[in-house]
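J.: I'd like to go over a predicted model; first the sequence, then the structure.
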Amino acid sequence: MSIQPSHHPTRYRHRLEDGRIQCDACPRACKLKSGQQGLCFVRVCEDDRILLTSYGRSSGFCVDPIEKKPLNHFLPGTPVLSFGTAGCNLACKFCQNWDMSKSREIDTLAASAAPEAIARKAAELGCRGVAYTYNDPVIFLEYARDTALACRERGIRNLAVTAGYVSPGAREDFFSAMDAANVDLKAFTDDFYRRLCGGRLAPVLETLEYLKQETRVWLELTTLLIPGHNDSDAELERMCTWVLGHLGPETPMHFTAFHPDWKLREIPPTPPATLTRARAIARRTGMRYVYTGNVRDAAGGSTWCHACGALLIERDWYRLGAWGLTAEGKCASCGATCAGHFEAAPGTWGARCLPVRMPA
């Protein structure tokens, strides 16, 4: 079998006694015979190798506000060049990007771009960062990492939007090239992960602890609240208590609204009151920066000083308004530090989303 231009050899593998090759990129540990694909479908076994079949190919590029990732405490108001590929290493029945992440058609990847071309285009467009998103960058780790290193040479930040379902060795390689991450903490029970995602909770928690304890990656969390599945007071209290104890009170948490999609269409949309309740539980637990998402909520979308309650960053969806931070990232009212990566003034990108065509 000849290697296609988009087929890139990977490091994360080892041979088993029965002759199969185990993919070591994520906790699924797919055991493959030559010609077989992993559950993600973009990693394929060829003889004694695992090849990434989506290297250099994307489902599309777009310049987004960084708040859309969502990252509220990392260079607010700035534009980021976003892209993803196809496939996923989880099987979430509620996937909101299923047309890309669940696609098993490599032809979904209509846009081609080498890592250096992405870095160059991001610089030309004035983007402060490149976001690896839409589907999980863990499964296109080699492509994402090479792109991130090319971006770093140009002073462009790298942002991962991920479920954190990654093995220890691959985890270290991937996040060493990232500057910020929003990790999707889908729920706080193993039962939810097994039934609705085809995965496990423990590896995600391990990734979160690794990010906090072993890296300097700026970390934010997102939880999509699905009525009747992960939105009880008891589960939210357990989650927030764990985050407080293991990640710290300054870790931003985003609670976002579910809408019926993919294979979970019988569940109604999340009521705004559920998001408000979750935010109140997190704040009562001791979390300082808690947000609501996928709904219009000025209070829940804005950043408030944890010490005096002053408005620090006003948000209307992805558009910024009043700015109450000093050049040093402190509250202009009381001087308390706001955790995050801020500049003297916010960016002015606004809520625009600009599709980008990469050069052939």
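T.: Done, it's in.

J.: mind listing what the spatially closest residue to Gly38 that is not a sequence neighbour touches?
T.: Residue nearest to Gly38 in three dimensions, not counting chain neighbours: Cys30, with 3.8 Å by CB to CB, 6 or more residues apart in numbering. Any C-beta I mention is one placed from the backbone N, CA and C, and that applies to glycine too. By CB atoms under 8 Å, 6 or more residues apart in numbering, the contact set of Cys30 is Gln22, Cys23, Gly38, Leu39, Arg43.

J.: make it 10 Å
T.: Contact analysis of Cys30 by CB atoms under 10 Å, 6 or more residues apart in numbering lists 13, 20-24, 36-40, 43, 45, 50, 89.

J.: what's the farthest-apart pair in these?
T.: Arg20 and Asn89 (18.1 Å; CB to CB).

J.: Settle it for me: which of the two has more neighbours?
T.: Applying other CB atoms under 10 Å to Arg20 and Asn89 shows that Asn89 carries more neighbours, namely 26 against 14.

J.: how close does the more buried one sit to Glu67?
T.: 26 Å (CB to CB, to the nearest Å).

J.: For stretch 14-25, the averaged confidence score.
T.: For stretch 14-25, the mean per-residue pLDDT is 96.

J.: for stretch 261-279, same thing?
T.: The model assigns stretch 261-279 a mean pLDDT of 90.

J.: From the chain's centroid, how far away is it?
T.: Centroid separation for stretch 261-279 versus its chain: 20 Å, with CA atoms, centre = their mean, to the nearest Å.

J.: ends of that stretch, how far apart?
T.: 24 Å (CA to CA, to the nearest Å).

J.: Please identify the buried residues of that stretch?
T.: Buried residues in stretch 261-279, counted by 16 or more other CB atoms under 10 Å: Asp261, Leu264, Ile267, Thr270, Thr274, Leu275, Thr276, Arg277, Ala278, Arg279.

J.: Was I right to think the third one contacts Leu224?
T.: No - the pair Ile267 / Leu224 is not scored as a contact, 11.2 Å apart, by CB atoms under 10 Å.

J.: Which neighbours do the two have in common?
T.: With contacts taken as CB under 10 Å, 6+ apart, Ile267 and Leu224 have Phe94, Phe258, His259 as neighbours in common.

J.: got a markdown table for those, with secondary structure and distance to Cys62 too?
T.: Output for these, formatted as a markdown table (DSSP: H, G, I helix; E, B strand; the rest coil; distance: CB to CB, whole Å):
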| residue | secondary structure | distance to Cys62 |
| --- | --- | --- |
| Phe94 | coil | 23 |
| Phe258 | coil | 23 |
| His259 | coil | 20 |
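
J.: Let's have these in CSV, adding distance to Pro115 and neighbour count.
T.: Listed next are these as CSV, based on distance: CB to CB, whole Å; neighbours: other CB atoms under 10 Å:
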residue, distance to Pro115, neighbour count
Phe94, 32, 20
Phe258, 34, 21
His259, 34, 15
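
J.: Give me the distance between the residue nearest to Gly38 and Glu328.
T.: On the measure of CB to CB, Cys30 and Glu328 end up 48 Å apart.

J.: Equivalent analysis for Leu354, please.
T.: The value you get for Leu354 to Glu328, if CB to CB is used, is 32 Å.

J.: Show me which of these two is the more surrounded one.
T.: Between Leu354 and Glu328, counting by other CB under 10 Å, Leu354 is the more crowded of the two (13 against 10).

J.: which stretch of helix or strand covers the spatially closest residue to that one that is not a sequence neighbour?
T.: Nearest residue to Leu354 in three dimensions, chain neighbours excluded: Val63, at 4.1 Å (CB to CB, 6+ apart). Using DSSP states H and E, Val63 falls within strand 60-65.

J.: cool, Leu221 as well?
T.: strand 218-225.

J.: ok, now which ones touch Leu128?
T.: For the record, residue 128 is Arg, not Leu. Each residue near Arg128 by CB under 10 Å, 6+ apart is listed here: 66, 74-75, 77-81, 122, 155-157, 159, 343, 347, 349.

J.: Name the member of the residues you listed with the most neighbours.
T.: Top of the contacts of Arg128 by neighbour count (other CB under 10 Å): Val80, with 30 neighbours.

J.: And for Gln213, the neighbour number?
T.: Look at Gln213: counted by other CB under 10 Å, it has 9 neighbours.

J.: my bad, Gln36
T.: 14.

J.: isn't it right up against Asp47?
T.: No - the criterion here is CB under 10 Å, and Gln36 misses it with Asp47 at 11.8 Å.

J.: Overlap of the contact sets of the two?
T.: With CB under 10 Å, 6+ apart as the test, Gln36 and Asp47 both reach Ile21.

J.: ok, Ser6 - contacts?
T.: 42, 51-57, 85, 106, 109, 112, 143.

J.: Give the burial count for Arg120, as a bare number.
T.: Neighbours of Arg120 (other CB under 10 Å): 18.

J.: Alpha carbons only: can I get whichever strand or helix holds it in PDB?
T.: Secondary structure assignment for Arg120, by DSSP H and E: helix 115-124. The C-alpha coordinates for helix 115-124 follow below in PDB (Å, rounded to 0.1, in the frame of the first residue of the first chain):
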ATOM      1  CA  PRO A 115       1.200  23.900   8.600                       C
ATOM      2  CA  GLU A 116       3.400  26.800   7.400                       C
ATOM      3  CA  ALA A 117       0.700  28.000   5.000                       C
ATOM      4  CA  ILE A 118      -1.800  28.200   8.000                       C
ATOM      5  CA  ALA A 119       0.700  30.200  10.100                       C
ATOM      6  CA  ARG A 120       1.400  32.500   7.200                       C
ATOM      7  CA  LYS A 121      -2.300  33.100   6.500                       C
ATOM      8  CA  ALA A 122      -3.100  33.700  10.200                       C
ATOM      9  CA  ALA A 123      -0.300  36.400  10.200                       C
ATOM     10  CA  GLU A 124      -1.600  38.000   7.000                       C
END
